Each structure stands twice: as C-alpha cells, then as structure tokens.
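**Student:** just need the structure, nothing else, for what follows:
(one chain, ligands or ions: 1)
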Amino acid sequence: MERTKNPCLRRRCIKCCLNTQMPLSDSDVARIKGLGVSENLFVVERKGLQKLRNSMGRCVFHNGQACTIYGDRPEGCRIYPVLFDRDTKEVILDRDCSHKEEFRVAPGISHEIIRLVRRLDAERNSRLKSKGS
Ligand code: SF4
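**Tutor:** From the prediction side, this is the model:
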C-alpha cells in the first residue's frame with residue numbers, strides 16, 4: 001500500500017465527503033469562486049450559515065474517486081476529523097471518523113479550529129444582521 005501521511009488518502013476513505021455538512025468561511029467561498037465555480041453551485045445557506053452543497057449524496061466537489069479541489073478545499077476539510085465540541089468546549093476527534101485513531105490533535109490545530117469557529121460565528125452573525133433577522 002502507498003505510504004502517505006494522510007490516513008484519508010492512504011485508506012482511500014471518503015466518508016466525510018458523503019452527505020457533508022462542512023461549513024464554509026467567506027474566504028473559502030472567495031477562494032473556490034476564484035477557480036471559476038459559481039457560488040450557487042457549491043454553497044447552501046441556512047440560518048446565515050454557509051455549507052458545502054451535496055449532489056448525489058456526496059459533496060459536489062467529490063467525483064466518486066477524489067476531491068476535485070483538494071488544494072483549495074475548505075478550511076474545515078483541511079482540519080477534519082478535528083472538531084470543536086460546542087457543548088464541552090473541547091477540541092476532539094470526530095467519533096464518526098472511521099480512522100480517528102490514526103490522527104492526533106496537535107496543539108497548533110486546536111488553536112486553528114477555535115479561531116475558525118469564532119470566525120464562522122462572526123461571519124454568520126454578520127450575515128444575519130445584514131438581512132435584519
Ligand atoms: S471539498 Fe473536497 S475534501 Fe471537502 S467535503 Fe468536498 S470533496 Fe471532501
């Protein structure tokens with residue numbers, strides 16, 4: 001088997017790209033639009049939160065073999081399976097990840113995800129405010 005540091009690629013696992021609920025930051029949307037993809041093709045917005053669109057049960061950018069925007073994938077996809085648990089306020093590995101035991105939560109990642117969650121919340125609040133909701 002090909003050796004790569006990334007367990008997702010090594011295991012050829014696409015579980016987290018199936019019926020994804022991955023949030024998108026404003027900079028994710030701008031970067032992906034810069035690839036020439038129209039926003040309404042990949043963004044769904046609910047209650048101010050932008051998320052990746054799914055098509056045929058998987059992320060619109062997954063072609064059944066691989067992520068077609070891997071180098072430009074959203075920040076949340078880069079950090080996953082590390083998550084911020086809003087109830088316990090802890091940085092954890094997602095229980096649903098099939099290979100979570102092969103990842104570790106590095107200290108730098110904890111700070112990165114906390115900053116990302118704060119930014120996503122601020123962007124969501126700003127979107128809701130501008131819509132007067
Ligand atoms: S952008 Fe790529 S890595 Fe992220 S959910 Fe979609 S296919 Fe998977």
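**Student:** how near is the most centrally placed residue in the chain to residue 120?
**Tutor:** To find the centre residue of the chain, average its C-alpha atoms and take the closest one (C-alpha atoms, centre = their mean): that gives residue 76, at 3.0 Å. Plainly put, residue 76 is 8 Å away from residue 120 if you go by C-beta to C-beta, to the nearest Å. From N, CA and C alone the C-beta is placed, and that goes for glycine too.
**Student:** common neighbours of those two, please.
**Tutor:** Residues touching both residue 76 and residue 120 by C-beta atoms under 8 Å, 6 or more residues apart in numbering: residue 23.
**Student:** so what's residue 68 closest to, chain neighbours aside?
**Tutor:** Leaving aside its sequence neighbours, residue 68 sits nearest to residue 61 (C-beta to C-beta, 6 or more residues apart in numbering; 5.1 Å).
**Student:** correct me if wrong: that neighbour contacts residue 35.
**Tutor:** No: between residue 61 and residue 35 there is no contact, the gap being 9.8 Å when judged by C-beta atoms under 8 Å.
**Student:** neighbour count for these two, which is higher?
**Tutor:** Set residue 61 next to residue 35 and count neighbours by other C-beta atoms under 10 Å: residue 61 wins out with 24 against 12.
**Student:** helices or strands next to the top helix by length along the chain in the packing?
**Tutor:** In terms of residue count, the longest helix belonging to the chain (DSSP state H) is helix 107-130. On a contact count with 3 or more C-beta pairs under 8 Å, 6 or more residues apart in numbering; DSSP states H and E, helix 107-130 meets strand 49-52, helix 75-79, strand 82-85, strand 90-93.
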